[in-house]
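> show me the folded form of this:
(chains A and B)
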Protein chains: 2
Amino acid sequence: MAMDEVERRLREAYDKDFHFEDGHVLGSMCSKPEDIAVKYQALFAEANLGNRGLYPGTAELEEELIADISGLMHLKGGWGQVVGGGTEANITAMWIARNLSGKKKILAPESAHFSMKKAADLLGMELLEVRLDDDYRMDVDDLRRRIDKDTAVIMAVAGSTELGAVDPIKEVGEIADDVFFHVDAAFGGMVLPFLEELEMWSEEWDFRVESVDSISTDMHKMGMATVPSGILLLRNREYVNLISVESPYLTSKRNIGLAGTRPSGAVAGAYAVIKTLGREGYRKIVRSCMENTRYLVEKMGEIGLEPVIKPVMNVAAFRTDRAEEIRREMDRLGWKISTLRNPKAIRIIAMPYVTKEVINDFTEALSDALKSL
Amino acid sequence: MAMDEVERRLREAYDKDFHFEDGHVLGSMCSKPEDIAVKYQALFAEANLGNRGLYPGTAELEEELIADISGLMHLKGGWGQVVGGGTEANITAMWIARNLSGKKKILAPESAHFSMKKAADLLGMELLEVRLDDDYRMDVDDLRRRIDKDTAVIMAVAGSTELGAVDPIKEVGEIADDVFFHVDAAFGGMVLPFLEELEMWSEEWDFRVESVDSISTDMHKMGMATVPSGILLLRNREYVNLISVESPYLTSKRNIGLAGTRPSGAVAGAYAVIKTLGREGYRKIVRSCMENTRYLVEKMGEIGLEPVIKPVMNVAAFRTDRAEEIRREMDRLGWKISTLRNPKAIRIIAMPYVTKEVINDFTEALSDALKSL
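Reported below is the predicted structural model:
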């Protein structure tokens, strides 16, 4: 096919997709990446860090990036890797826990991401859901009742997909003292450190909690990097031996982790953005997102919709029995939101592209829609 | 950090990496992607096809791409998905086979990629290695002896990582009639269809063999796309139910496959390249790579190195007891090759950037090195 025809088709497909900058996507946790991330992802487009010996430069970038994220999460001398996203990170953490313990039971809150079901199925583990308390955080009493000698791992969530709720990591940590403890901070990992700096968060949730063994976060969510760039951090670097195989024909003799192919572009993109934004840049973004979240709650209140919990980060869900109906109607009008099933609610993520203007337009459209529904 | 300082560091890292266009990487199976792939990967950099409802355009591109690859591999009405690479594809195929059969035994040739070890460990399966015949292809007699009622899956290789050897898929297919049969064509999938058109290959290796259930290939290898863009094809689309979970807060209600995050950029890049190159473009590339492979074998012969097998695709390994020593010395001189352990050999992949000039320079440097070793 002629190149201009191919480009025409690609542009056409692009135009059919929804774009964050158009201000109509309110239900995605992905960021509109910084330009510098896109630029350097492209520069490294041919490089597969899975074949490490060819990419000493990218390997250094990855080390620095991991050091920066480790610093944010108070990890000293651990190990980390860029992975394909939160699902891969969760699977990998469960894989380590299973191989370490020889046990199969996973205890996770009801609010855990659906990737935990994949992880359990893949690994032949058993996923047991721990109840939530009234604040939609893992119920520590229920956890205490359910932990037993067959428990391989406890996982907790720092920024639940549905509500942005943060489990009581410190209290869970006391219970998880003898068992592998993974924290899924896919969304919250690049929010909580800055909320803490802004004095809007004070609980310890990261490697300061001594029994936390691993934390995952996604740089393509609140990290402002390109898709896909997940991060997995481990406190104990010995654990990589549990997820390594020999790789005879590569430039490195051991291949660590789930993926064989690891795009250097993801590393370069994430490096570019974390170094240019710095803590100050992220703090500014988080502050602005939290302001917009408060504004959203206020505007939604004006049309009679109340939040399920007071948002702790820039995720807000609003109770309504007509959630699905509203989602469909707003979808018809070109707005992309998502829903919760329990409790029934509509969910909005106040990503940086969800500005006050977007919130005004959205709540106005929603107000009209509610009248006619 | 100031943006120019960040860019300086990224450029520095880039300069430390090896680049295909510099003509010193002879041991990688990755392509230097076409410019159009890089361009459109970048355009779709924010998009996560894992959240399908936001990306109807990309979803169409993926369907067309899968249709094209299906056509190449003679699959009608099956199912396919862009995945993170050959490892993820192999794991996913084994996952399906295990869930389908409830059995644990994998029969794979000794030449199978090391990702099969990961797959087996992750999935709690048992990897049994089938012997190779004198041509380094899976020994069908040994396979027949080892298959039993506990066998979940047979996998075969179409383009082994070490030698580019193709297992006798048709004969394996006769044995695999009642059991899931996966073909790993990570490298060969984008070579064999064109070799066949060039009348340099005649064995049926793809979905024409009736018992083949799945085939994987990597567009970032001989497909000329960006890293990572793997492809997994299934004959029976019902099988996706075995690897799906509910995804309540996404725009689609089921999430299929291993990864949660699926970069639209990988889809757009692969689409761009397959549509612009077309069969004619790939045929030209494969013809040229095969010419260069023959030239390489000739030049290596002149310095006393003989191939382990007559190359069937653009992968050539040359016997030498001093393989590791040679690899280290060539590495010191700035040449990146890889080695085999059994038989001891050095391995070269004649990717499109491994031109006759590169081969001349390399064999000259190797000849000098051999004298001093």
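> surely A:Asn48 and B:Cys30 touch.
Yes - using Cβ atoms under 8 Å, A:Asn48 is in contact with B:Cys30, at 5.2 Å. All C-beta spots, glycine's among them, are computed from the backbone N, C-alpha and C.
> compare these two (neighbour count), which wins?
A:Asn48 (27 against 24; other Cβ atoms under 10 Å in any protein chain shown).
> nearest residue to the more buried one other than its sequence neighbours?
B:Val227 (4.8 Å; Cβ to Cβ, 6 or more residues apart in numbering or on different chains).
> and for A:Lys344?
Nearest to A:Lys344 is A:Ala323, by Cβ to Cβ, 6+ apart, at 4.6 Å.
> let me see the contact set for the one you found.
A:339-341, A:344-346 (Cβ atoms under 8 Å, 6 or more residues apart in numbering or on different chains).
> interface residues of the stretch 51-200 of chain A facing chain B?
Neighbours of chain B within the stretch 51-200 of chain A, by Cβ under 8 Å from any Cβ of the partner chain: A:51, A:53-58, A:60-61, A:84-88, A:91, A:95, A:99, A:113-115, A:117-118, A:121-124, A:161-162.
> ok so, going back, okay, now the residue nearest to A:Asn48: neighbour count?
31.
> and if you look at the one 5 residues further on?
Residue crowding around B:Leu232 was assessed by other Cβ under 10 Å; the count is 27.
> just to revisit the earlier point, shared neighbours of A:Asn48 and B:Cys30, which are they?
Going by Cβ under 8 Å, 6+ apart, residues that sit against A:Asn48 and also against B:Cys30 are B:220, B:227.
> need the strands for the stretch 101-250 of chain A, in chain order.
A:105-109, A:126-130, A:151-157, A:180-184, A:214-218, A:230-234, A:244-246 (DSSP state E, counting those that start in this stretch).
> pick the most deeply packed of these.
Mean neighbour count, computed with mean count of other Cβ atoms under 10 Å in any protein chain shown, is highest for strand A:214-218 among the strands of the stretch 101-250 of chain A, reaching a mean of 31.
> so what does it touch, helix or strand wise?
Judged by 3 or more Cβ pairs under 8 Å, 6 or more residues apart in numbering or on different chains; DSSP states H and E, strand A:214-218 is in contact with helix A:86-101, strand A:180-184, strand A:230-234.
> now the helices for the stretch 101-250 of chain A?
All helices of the stretch 101-250 of chain A, identified by DSSP state H, counting those that start in this stretch, fall at A:115-123, A:140-146, A:169-175, A:192-197.
> let me know which of these is tucked in deepest.
Highest mean neighbour count among the helices of the stretch 101-250 of chain A (mean count of other Cβ under 10 Å): helix A:115-123, a mean of 23.
> list the single closest residue to A:Asp321 in space, sequence neighbours excluded.
Per Cβ to Cβ, 6+ apart, closest to A:Asp321 is A:Lys344, 5.4 Å.
> next one, pLDDT for the one you found please.
We note a pLDDT of 96 for A:Lys344 in this prediction.
> what's the local residue count around it?
15.
> that one bridge partners, please.
A:Arg341 (DSSP bridges).
> wait, it touches A:Arg319, no?
Yes - between A:Lys344 and A:Arg319 a contact is recorded at 6.9 Å, counting by Cβ under 8 Å.
> just to revisit the earlier point, how about the helices of the stretch 101-250 of chain A in TSV, adding mean pLDDT?
Below are the helices of the stretch 101-250 of chain A laid out as TSV (pLDDT from 0 to 100):
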stretch	mean pLDDT
helix A:115-123	98
helix A:140-146	98
helix A:169-175	98
helix A:192-197	98
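> tell me which of the ones you listed lies nearest to A:Ser211.
For A:Ser211, the closest of the helices of the stretch 101-250 of chain A is helix A:169-175, at 4.3 Å, according to Cβ to Cβ.
> which helices and strands does the closest one pack with?
By 3+ Cβ pairs under 8 Å, 6+ apart, helix A:169-175 packs against helix A:140-146, strand A:151-157, strand A:180-184.
> can you state the direction angle for the second one and strand A:126-130?
Using axes from the mean of the first three to the mean of the last three Cα atoms, to 10 degrees, one finds that strand A:151-157 and strand A:126-130 are set 50 degrees apart in direction.
> which strands or helices does strand A:151-157 pack on?
helix A:86-101, strand A:105-109, helix A:169-175, strand A:180-184.
> that one vs helix A:115-123, what angle?
Using the same axes, to 10 degrees: strand A:151-157 against helix A:115-123 is 160 degrees.
> hmm, who's touching strand A:151-157?
Residues contacting strand A:151-157 (Cβ under 8 Å, 6+ apart): A:90, A:93-94, A:97-98, A:100-109, A:111-113, A:116, A:125, A:138, A:143, A:147, A:165-167, A:169, A:172, A:175-176, A:179-185, A:188.
> partners of it, with directions?
By DSSP bridges, strand A:151-157 pairs with strand A:105-109 (parallel), strand A:180-184 (parallel).
> okay, it in CSV with CA atoms only?
This file holds the C-alpha atoms of strand A:151-157, laid out as CSV (Å, rounded to 0.1, in the frame of the first residue of the first chain):
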residue,chain,number,x,y,z
THR,A,151,-0.9,-18.0,53.4
ALA,A,152,1.8,-17.2,50.8
VAL,A,153,1.2,-13.5,50.5
ILE,A,154,-0.8,-10.5,51.6
MET,A,155,-1.4,-7.7,49.1
ALA,A,156,-2.7,-4.3,49.8
VAL,A,157,-3.7,-1.4,47.6
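> run the chain-centre distance for it.
17 Å (Cα atoms, centre = their mean, to the nearest Å).
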